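Participant: Kindly return the folded structure for what I paste below:
(chains A and B)
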Amino acid sequence: MLRYFLKRLLSLALSLVVASLVIFLALEVVPGDPAAYMLGINAQEDTLAVLRDQLGLNGTVVERYFAWAGGMLRGDFGISYTYRTPVAEMIGERLWISLPLALYALVLSTLIAFPAGIWAASKRGSAADVTVMGVTQLGVAIPNFWFAMLMVLVFAINLRWFSAGGFVGWDAGFAAALKSLTLPAVALALPQASILARVMRSSLLDTLSEDYIRTARAKGLSRGQALWRHALRNALIPVLTIIGMQFSFLLAGAIIIENVFFLPGLGRLVFQSISARDLIVVESVVMLLVFAVIVVNFAVDMAYAVVDPRLRTRR
Amino acid sequence: MKGNRNLWLGGGLTLIFASAALISFLWVPYDTTVLDIANKIKGPSGAHPLGTDHFGRDILSMIMVGARTSIAVALVAVGIGMGLGVPLGLTAAAKKGSLLDELIMRGNDLVFAFPSLLIAIMITAVFGASALNAIIAIGIFNIPVFARLTRSGALSLWTRDYVMAARVAGKGAARISAEHILPNVTNLLIVQGTIQFSLGILAEAGLSYVGLGAQPPTASWGRMLADSQTMISFAPHMALFPGLAILLTVLGLNLMGDGLRDMFDPKLRRAR
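Facilitator: As a prediction, the model looks like this:
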């Protein structure tokens, strides 16, 4: 177990190093001098030099990479070119919207998908199964930002149950804040719930055809009892994999959904930074999201190894 | 193929949108580059079956021209994914366990760690927003998908007797891959290709919606939705039809993918 853990930890560290190199070098080739961009076309050469020095733009590529990567490790993400405030602070503020949004959507998606998938599998071939499969087929195909717009039309503009956009802030109370994240979270959750319900259903059906289920049935358990007592636990492994992968889709997907609802999260920060050519912010946010994806996948892998010893030796 | 409802329904939907895109090269009801302010934001009518937008452009014509953008972007992105992913997967399977195999697979893991939207954001930040950059972003993400699929499909084939026979006959790994392995993974690739195609259409729509994809005056479904957003309370038809176009195209491709899988591998039909 320890050997497996260390091996995976090493590959995690390696992935992070390579990812940071890719991101750094990709943005390194961008033409133009941020200092010149900030000061405008009439800037004096000596003021430019001072600013370049402040921004850490002097030095070789290698020096700058280590300064950036080392800074990130200490929680220092540099200074925004346009706002002149520490990037870490800006990200920290926005993270309080994007992260709860992604988690909220993940919870919703699981709450929808589990009952739907289990129901469809337990009544295989019935009208219920056909309905769940049909609805999920639509859920996979619907663009989530369009679904979000339709929800705004129905629930915000016509019924006035929710506001059409914006975030009231956590200071307004947990319930109020959660309410303003509800439509975005539903929009994010729907396609993911559809995928998850389908995975849940097919995984359960696979498990239900195993020999030990037949044994349990032969011992007198009903189909439902066999499903709840024996099949469900074993069917969960592929479902957990998908949940782990979905977290990254939800974080990235939030970037688009935040734009529909004018939520001041990481997504809007990225777009504002791209249009302002504030590349250090783009660089840091992308690195942070990639970091989250890699770490979550690592955590899922570890969770399996704890739950299912067979998986430790497979790779 | 008889009784394969998914294939017929999905193929039919796909055909409708593919023909709409092709017809738009020859004829559209109205020129989408001409503004007609006198007729702006009109609901569906005899003259404009799907209504007009805020510049008085015919929405049906815009959807037909937009289909071109969506299909072109997704098709080229799948092409990039297959063109690079399949040879990588074949090489990895032929040299299984070698350093090269390890490098290819770890490289794939790395691309998977970047959600496609993040790749798109980085590319846009560096090179600016355009349909071409959207293609590259979606295409890069498709490479590991095809590389993995090809590798796993090819690995099981390398143990077959006919491959052994080909080796005994003195054929090299490259020739065996091209002549014996590739034809036998084609079905897998076609099914995955339709799925990636539909994901590409969704991704293109999302990118154009946030302004990172096709730029005006190029018509695209995502941009039409972005334009309609502020007017949704009084002109819902502007948002409804482009969204339906995306939904139906993606649905059609997904159903077709399911249908093709059933056709190629009837065993799976029972399992699902």
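
Participant: so where's chain B shaky on pLDDT?
Facilitator: B:1-3, B:266-272 (pLDDT under 70).

Participant: any idea where the helices of it begin and end?
Facilitator: B:5-26, B:59-94, B:99-113, B:116-127, B:131-157, B:161-168, B:173-176, B:182-209, B:221-228, B:236-264, B:266-271 (DSSP state H).

Participant: need the contact list for residue B:18.
Facilitator: Residue B:18 is in contact with B:67, B:71, counting by C-beta atoms under 8 Å, 6 or more residues apart in numbering or on different chains. C-beta here means a position set from N, CA and C on the backbone, and glycine is covered the same way.

Participant: Can you tell me how far it is from residue B:251?
Facilitator: Distance of residue B:18 to residue B:251, computed by C-beta to C-beta, to the nearest Å: 14 Å.

Participant: mind listing the helices in the stretch 151-300 of chain A by residue range?
Facilitator: Along the stretch 151-300 of chain A, counting by DSSP state H, counting those that start in this stretch, helices occupy A:174-208, A:211-218, A:223-226, A:232-260, A:266-275, A:279-307.

Participant: Which of the ones you listed sits closest to chain B?
Facilitator: Between chain B and the helices of the stretch 151-300 of chain A, the tightest spacing by C-beta to the nearest C-beta is seen for helix A:232-260, at 3.7 Å.

Participant: Count the residues that sit near residue B:252.
Facilitator: Residues near residue B:252, counting by other C-beta atoms under 10 Å in any protein chain shown, number 24.

Participant: Please name the nearest non-neighbouring residue to it.
Facilitator: Closest residue to residue B:252 apart from its sequence neighbours, by C-beta to C-beta, 6 or more residues apart in numbering or on different chains: residue B:13 at 2.7 Å.

Participant: Can you give me the neighbour number for residue B:239?
Facilitator: 22.

Participant: meant to ask about residue A:119
Facilitator: Using other C-beta under 10 Å as the criterion, the residues surrounding residue A:119 number 17.

Participant: Confirm for me that it is in contact with residue A:130.
Facilitator: No - using C-beta atoms under 8 Å, residue A:119 is not in contact with residue A:130; the gap is 11.9 Å.

Participant: Count the residues that sit near residue B:237.
Facilitator: So residue B:237, with other C-beta under 10 Å, has 20 neighbours.

Participant: quick one, what contacts it?
Facilitator: Per C-beta under 8 Å, 6+ apart, neighbours of residue B:237: B:43-44, B:50-51, B:59.

Participant: Where neighbours are concerned, which of these has the most?
Facilitator: residue B:59 (27 neighbours).

Participant: Identify the residue spatially nearest to it, adjacent ones excluded.
Facilitator: residue B:50 is the one closest to residue B:59 (C-beta to C-beta, 6+ apart), at 4.1 Å.

Participant: Against residue B:137, how distant is the one you found?
Facilitator: Counting by C-beta to C-beta, the gap from residue B:50 to residue B:137 is 30 Å.

Participant: what do you get for residue A:244?
Facilitator: In terms of C-beta to C-beta, residue A:244 sits 23 Å off from residue B:137.

Participant: Compare the two (neighbour count), which wins?
Facilitator: Shown here are residue A:244 and residue B:137; by other C-beta under 10 Å, residue B:137 has more neighbours (26 against 18).

Participant: What parts of the stretch 101-250 of chain B come near chain A?
Facilitator: B:106, B:109-110, B:113-118, B:121-126, B:198, B:202, B:205-206, B:209-211, B:225, B:228-229, B:232-233, B:236, B:239, B:243, B:246-248, B:250 (C-beta under 8 Å from any C-beta of the partner chain).

Participant: can you tell me which residues contact the most centrally placed residue in chain B?
Facilitator: The geometric centre of chain B, computed from its C-alpha atoms, lies nearest to residue B:197 (C-alpha atoms, centre = their mean), at 2.0 Å. With contact taken as C-beta under 8 Å, 6+ apart, residue B:197 is in contact with B:74-75, B:78, B:253.

Participant: Specify which member of those is nearest to chain A.
Facilitator: Nearest to chain A, judged by C-beta to the nearest C-beta, of the contacts of residue B:197 is residue B:253 at 8.4 Å.

Participant: I figured the closest one hits residue B:14, correct?
Facilitator: Yes - using C-beta under 8 Å as the test, residue B:253 is close enough to residue B:14 to be in contact (5.8 Å).

Participant: neighbour count winner among those two?
Facilitator: Neighbours were counted for residue B:253 and for residue B:14 using other C-beta under 10 Å; residue B:253 has more, 27 against 24.

Participant: For that one, give me its contacts.
Facilitator: Residue B:253 neighbours (C-beta under 8 Å, 6+ apart): B:10, B:13-14, B:194-195, B:197-198, B:201.

Participant: who in the stretch 1-150 of chain A is up against chain B?
Facilitator: Counting by C-beta under 8 Å from any C-beta, the residues of the stretch 1-150 of chain A near chain B are A:11, A:14-15, A:18-19, A:22-23, A:26-27, A:29-30, A:137-138, A:140-143, A:145-146, A:149-150.

Participant: among those residues, which ones are buried?
Facilitator: A:15, A:19, A:22-23, A:26-27, A:137, A:140-143, A:145-146, A:149-150 (16 or more other C-beta atoms under 10 Å in any protein chain shown).

Participant: Between all of these, which two are separated the most?
Facilitator: Using C-beta to C-beta, the pair of these lying farthest apart is A:27 and A:137, separated by 39.5 Å.

Participant: ok, the residue nearest to the centre of chain B to residue B:138 distance?
Facilitator: From residue B:197 over to residue B:138 (counting by C-beta to C-beta), the distance is 10 Å.

Participant: same check, this time on residue A:266
Facilitator: Distance from residue A:266 to residue B:138, by C-beta to C-beta: 21 Å.

Participant: Please identify the nearest residue in space to the residue of the stretch 1-150 of chain B found nearest chain A, excluding sequence neighbours.
Facilitator: In the stretch 1-150 of chain B, the residue found nearest to chain A is residue B:115; the distance is 3.7 Å by C-beta to the nearest C-beta. Using C-beta to C-beta, 6+ apart and skipping residues adjacent in sequence, the residue nearest residue B:115 is residue A:252, 3.7 Å away.
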